[in-house]
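1. The sequence isn't on hand, but the structure is:
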Ligand SMILES: [Zn+2]
């Protein structure tokens, strides 16, 4: 039985941590790795922050918690996800119900903060002026004592502002760290989780400074700005050390990330490929209607951009320079120009997610479930496999993964029908209609880094093995493992497993039915309404 402290480092990768730890630059992480266990941690498909942390929090696959991306697309429309989108009980809810004291800070997809037996501070999707803490007055007592808490970065990276961008993120880490230490001292806890997001921001922007194989690598720039990323990790490492120092001996510390990181080289305009193949069709006279359509209907690249800017999300999802954005709005197409009655497939999402325009699910669905659905899916897969890498001429697709092979559960039908893995994740998709007229375009500005499937898992504590290897831990294994470490039963419908090979004790694993059920968040479909849709889809043959 243990108390547990989880420290999230968004996008952290052993590609950076291991050499820096070995060189003595990250002494606290190095100590944890030496005294405990560490292993790459498999993320969700897609390896995106919102579904990955939702999976961590619930221990279930995406089809059970219902969060597949930052956005929830339906036809050409979409919502942003938030804490009420997670349709399975979270660790903090389960622990609160069991009477344990919990606290979370800055964990993605925890806004609006849900009532817990302890405290909660919303994460990256919190509006800056929203009521982002539970209880609402949580931070009042620190007024004048600590610098004000900050939700989001102030500086967006542009070539030339590296120093300013770095200083802003270092400050963000410092404020989180100071609040973490204070909350750790002030609140009794059984489970605490503190999350650092800034690593993800900086890796998106600065990957070209730390990877000498990057197409935009410049040795002089790398020498000047590359050390900033190590400095950021060092600041996090320092807080990990200071937090660990204040823990009692019975505490287990877990350091983890939601996905890894690597180089970004190309962007694919998947919708243009679908257009070329006749799978997606435009309205007749689309060009003449374009300007009116862009501003009339909801989904234009500009309005979408505006929406995500309001929540501070632009730093996290993808970055398009202002000039590209203007070009998109001024010249190119959007989903408003799509003739849905003639369209069988479309793509929304920045990793590479394709949706079939399925009857019963999509607002203007035309594809019948069953045979027709499978046939359309196969046509899309065949088209995708024709794409070639612009330099090597090799197939660009590593894998095209049907959604129903990797998710299951009551919300599975809402997920992408196909997930693309392109060139070892060095190639991603343009999230909306298209960036320009080319299907595959080099990423010449904006982000130089993007996500990878494997993040990090490091654990150390009284019940944690020393120096042992853990077999392919998955991010959904963490919730059951934490419950077991805390002497609580694992919920029956959790898809993850207790990582027993990481533990010294062989206490039997207790199990319990999920008595909490699903949340019924405000303003969304009730369980009954969703069950009705699910039944309809099942009747149509889509849900087996
Ligand atoms: Zn992330």
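-> That came through, no problem. Since the structure is predicted, the reported quantities are computational estimates derived from the model, not experimental observations. Numbering: from 1, shown residues only.

2. got the contact list for the residue in the chain that the ion sits nearest to?
-> Going by CB to the ion, the ion is nearest to residue 49 of the chain, at 3.1 Å. C-betas here are computed from N, CA, C, even on glycine. Residues near residue 49 by CB atoms under 8 Å, 6 or more residues apart in numbering: 10, 11, 70, 108, 124, 200, 258, 259, 316.

3. near the ion, which of those residues show up?
-> Counting by CB under 5 Å from the ion, 10, 11, 200, 258 from the contacts of residue 49 sit close to the ion.

4. Just the ones of these in helices?
-> Using DSSP state H, the subset of the ones next to the ion among the contacts of residue 49 located in helices is residue 200.

5. Residue 235 against residue 177, yeah?
-> Yes: the pair residue 235 / residue 177 is scored as a contact, 7.3 Å apart, by CB atoms under 8 Å.

6. ok, back up a step: would you check which pair of the ones next to the ion among the contacts of residue 49 lies furthest apart?
-> Using CB to CB, those reach their maximum pairwise distance at 200 and 258, which is 8.4 Å.

7. Find residues that contact each of those two.
-> Common neighbours of residue 200 and residue 258, using CB under 8 Å, 6+ apart, are 10, 11, 49.

8. As TSV, the contacts of residue 49 with pLDDT would be great.
-> As requested, the contacts of residue 49 are arranged in TSV below (pLDDT from 0 to 100):
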residue	pLDDT
10	96
11	97
70	86
108	92
124	80
200	94
258	97
259	97
316	43
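
9. Closest to residue 510 out of those residues?
-> When the contacts of residue 49 are compared for distance to residue 510 (CB to CB), residue 258 wins out at 27.4 Å.

10. That closest one: neighbour count?
-> 29 (other CB atoms under 10 Å).

11. Could you work out the end-to-end span of stretch 26-42 for me?
-> As for stretch 26-42, its first-to-last residue distance stands at 23 Å under the measure CA to CA, to the nearest Å.

12. Show me what the one helix or strand residue 227 maps to is packed up against.
-> Element membership for residue 227 (DSSP states H and E) is helix 219-245. For helix 219-245, the elements it packs on are strand 3-9, helix 14-22, helix 27-35, helix 162-186, strand 191-196, helix 198-210, strand 251-256, judged by 3 or more CB pairs under 8 Å, 6 or more residues apart in numbering; DSSP states H and E.

13. switch the cut-off to 6 Å
-> Under the contact criterion of 3 or more CB pairs under 6 Å, 6 or more residues apart in numbering; DSSP states H and E, helix 219-245 touches helix 27-35, helix 162-186, helix 198-210.

14. In CSV: those helices, plus mean neighbour count.
-> CSV is the format used below for the helices and strands packed on helix 219-245 (neighbours: other CB atoms under 10 Å):
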stretch, mean neighbour count
helix 27-35, 19
helix 162-186, 18
helix 198-210, 25
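
15. can you list the residues that contact stretch 430-440?
-> Residues outside stretch 430-440 that contact it (CB atoms under 6 Å, 6 or more residues apart in numbering) are 266-269, 271-273, 301, 332-335, 349-350, 390.

16. Could I get the full set of strands for the stretch 401-544 of the chain?
-> Under the criterion DSSP state E, counting those that start in this stretch, the stretch 401-544 of the chain carries strands at the ranges 418-422, 427-429, 440-442, 449-452, 454-460, 490-491, 511-512.

17. now these in JSON lines, with mean pLDDT and mean neighbour count?
-> Formatted as JSON lines, those follow (pLDDT from 0 to 100; neighbours: other CB atoms under 10 Å):
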{"stretch": "strand 418-422", "mean pLDDT": "98", "mean neighbour count": "23"}
{"stretch": "strand 427-429", "mean pLDDT": "94", "mean neighbour count": "25"}
{"stretch": "strand 440-442", "mean pLDDT": "88", "mean neighbour count": "16"}
{"stretch": "strand 449-452", "mean pLDDT": "95", "mean neighbour count": "24"}
{"stretch": "strand 454-460", "mean pLDDT": "97", "mean neighbour count": "25"}
{"stretch": "strand 490-491", "mean pLDDT": "96", "mean neighbour count": "21"}
{"stretch": "strand 511-512", "mean pLDDT": "92", "mean neighbour count": "12"}
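
18. could those strands go into JSON lines alongside distance to residue 194?
-> Putting these into JSON lines (distance: least, CB to CB, whole Å) gives the following:
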{"stretch": "strand 418-422", "distance to residue 194": "31"}
{"stretch": "strand 427-429", "distance to residue 194": "29"}
{"stretch": "strand 440-442", "distance to residue 194": "38"}
{"stretch": "strand 449-452", "distance to residue 194": "21"}
{"stretch": "strand 454-460", "distance to residue 194": "15"}
{"stretch": "strand 490-491", "distance to residue 194": "24"}
{"stretch": "strand 511-512", "distance to residue 194": "28"}
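
19. which bits of the stretch 101-250 of the chain sit near the ion?
-> Residues of the stretch 101-250 of the chain found near the ion, taking CB under 5 Å from the ion as the criterion, are residue 200.

20. ok, now with 8 Å
-> With the criterion set to CB under 8 Å from the ion, the stretch 101-250 of the chain comes near the ion through 108, 197, 200.

21. In contact with the residue nearest to the second one when sequence neighbours are not counted, which residues are there?
-> Excluding the flanking residues, the one nearest residue 197 by CB to CB, 6 or more residues apart in numbering is residue 10, at 4.8 Å. By CB under 6 Å, 6+ apart, the contact set of residue 10 is 197, 199, 200.

22. Let me see the confidence value for the first one.
-> Going back to what we said before, that points to residue 197. You'll see residue 197 listed with a pLDDT of 94.

23. pretty sure it contacts residue 124?
-> Yes: if you go by CB atoms under 6 Å, residue 197 and residue 124 touch, sitting 5.3 Å apart.

24. just to revisit the earlier point, now rank the contacts of stretch 430-440 by neighbours and give me the top one.
-> Top of the contacts of stretch 430-440 by neighbour number is residue 267, holding 29 neighbours under the definition other CB under 10 Å.

25. That one sits in which helix or strand?
-> Assigned by DSSP H and E, residue 267 falls in strand 266-268.

26. who does that strand pair up with?
-> Looking at strand 266-268 with DSSP bridges, its partner strands are strand 427-429 (parallel), strand 440-442 (antiparallel).

27. Go through those and name the closest to residue 277.
-> Closest of the strands paired with strand 266-268 to residue 277 is strand 440-442, at 14.7 Å (criterion: CB to CB).

28. what does the stretch 401-544 of the chain have sitting close to the ion?
-> Taking CB under 8 Å from the ion as the contact definition, the stretch 401-544 of the chain meets the ion at residue 451.

29. tell me the domain boundaries of the chain?
-> 3-66+77-259+452-512, 266-446 (automatic domain parsing).

30. Among the ones you listed, show the one with the smallest mean pLDDT.
-> Lowest mean pLDDT within the domains of the chain: domain 266-446, at a mean of 80.

31. distance between the ends of it?
-> Start-to-end, domain 266-446 (CA to CA) is 12 Å.

32. Measure how far it is from the centre of its chain, please.
-> How far domain 266-446 lies from its chain's middle: 18 Å, per CA atoms, centre = their mean, to the nearest Å.

33. For the stretch 1-150 of the chain, which segments are assigned as helices?
-> Along the stretch 1-150 of the chain, the stretches classed as helices by DSSP state H, counting those that start in this stretch are 14-22, 27-35, 49-58, 62-65, 91-97.

34. who's in contact with the second one?
-> Spelled out, it's helix 27-35. Here helix 27-35 makes contact (CB under 6 Å, 6+ apart) with 21, 237, 240, 241, 458, 460.
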